[in-house]
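Participant: Mind looking at a prediction? Sequence and model below.
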Amino acid sequence: MRVFIYFFTALAASFIGAVSGIGGGVIMKPVLDSMGEFPPAAASFLSGCTVLAMAVSSMLRRRNALGSKNLRLTVYLSLGAAAGGIFGKQAASAIGGNLGLIQTALLFLVNGAVLIYVRNKKRVAGLTVARREASMGIGLALGFVSSFLGIGGGPLNLAVLYFFFSMEAKEAAGNSLFIIFVSQTASLGAVLLTHTVPEFPPAVLLLMCTGGVTGAVFGSAAAKRMDDRRTEGFFSLLLWFLIGLNVFHLFQIFCD
């Protein structure tokens, strides 16, 4: 019965990820780490595959949320994120035994910084990046950090889209899912080509991907009924939850 916990974890995380555009990895990764059943590399791989399944399903259901105005720049941003994701995965593999602690501490800092920005977004003048080279450079940094942390994008995507591209909440959520799809596909491809797939029970991966698709179906339906204000409010509440989850996992690490 324990294996079904992974299904419901993936379902809940993917539902939240599909509504907000964070992908769900930023929830799944800390939960898997807290359960302590898999090493960080395996938890990242399982989370990444589930996020990819969720992103594909969500994109098929909310294609109009991408927004043609910024789609060209989002493509370049995604390509940069894909390249950065490969480097981030390699950097995480090189860390070794302290990876879990480093990832959790950095996640806490990232989520806290994003929350501060979102709460003060109206007082901060956003940019309107228009050059493809700049978009690819931003994507490279974004992909590296997201892949290194094993979150597949998460709140960092939305903060970048808010600040650098002046997107509204719903459009940013749709574009974030597209970035997650491209970067996770590249990251998974790199793992398969380098034969560095970690060990895990195949049943867990199957159940998590099934939960990811199921959560995306319901999450995409809920997202269509929400306006920008509600989407942004939902995102802020989620950040508080994620910060609490990070603190809990840090407490577990230091108490072991």
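Facilitator: That came in fine, so what should we check first?
Participant: Next one: A10 relative to C209, how far apart?
Facilitator: From A10 across to C209, the span is 7 Å (C-beta to C-beta, to the nearest Å). All C-beta atoms are positioned from the backbone trio N, CA, C, and that covers glycine.
Participant: same question, F8
Facilitator: Distance of F8 to C209, computed by C-beta to C-beta: 14 Å.
Participant: ditto for N157
Facilitator: 21 Å.
Participant: Same check on L79?
Facilitator: Per C-beta to C-beta, L79 is found 25 Å from C209.
Participant: Between N157 and C209, point out the one with more neighbours.
Facilitator: Using other C-beta atoms under 10 Å as the criterion, N157 and C209 rank with N157 on top: 31 against 21.
Participant: Where does the more buried one sit: helix, strand or coil?
Facilitator: Secondary structure for N157, judged by DSSP: H, G, I helix; E, B strand; the rest coil, is helix.
Participant: so what's the closest residue to it other than its chain neighbours up against?
Facilitator: Computed as C-beta to C-beta, 6 or more residues apart in numbering, the closest residue to N157 that is not its neighbour in sequence is S176, at 4.0 Å. S176 makes contacts with 21-23, 153, 157-158, 161, as judged by C-beta atoms under 8 Å, 6 or more residues apart in numbering.
Participant: Most widely separated two among these?
Facilitator: Spatial extent of these (C-beta to C-beta) is set by the pair G23 and L161 at 12.9 Å.
Participant: Please write out the alpha-carbon positions of stretch 128-146 in PDB.
Facilitator: Extracted in PDB, the C-alpha atoms of stretch 128-146 (Å, rounded to 0.1, in the frame of the first residue of the first chain):
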ATOM      1  CA  THR A 128      10.500  43.700 -21.400                       C
ATOM      2  CA  VAL A 129      13.300  41.600 -22.800                       C
ATOM      3  CA  ALA A 130      13.000  41.500 -26.600                       C
ATOM      4  CA  ARG A 131      16.300  40.000 -27.800                       C
ATOM      5  CA  ARG A 132      16.600  36.300 -28.400                       C
ATOM      6  CA  GLU A 133      20.200  36.200 -27.100                       C
ATOM      7  CA  ALA A 134      19.100  37.700 -23.800                       C
ATOM      8  CA  SER A 135      16.200  35.200 -23.600                       C
ATOM      9  CA  MET A 136      18.600  32.300 -24.200                       C
ATOM     10  CA  GLY A 137      21.000  33.600 -21.600                       C
ATOM     11  CA  ILE A 138      18.300  33.900 -19.000                       C
ATOM     12  CA  GLY A 139      17.000  30.500 -19.900                       C
ATOM     13  CA  LEU A 140      20.500  29.000 -19.500                       C
ATOM     14  CA  ALA A 141      20.800  30.300 -15.900                       C
ATOM     15  CA  LEU A 142      17.200  29.300 -15.200                       C
ATOM     16  CA  GLY A 143      17.600  25.700 -16.500                       C
ATOM     17  CA  PHE A 144      20.900  25.200 -14.600                       C
ATOM     18  CA  VAL A 145      19.400  26.200 -11.300                       C
ATOM     19  CA  SER A 146      16.200  24.300 -11.800                       C
END
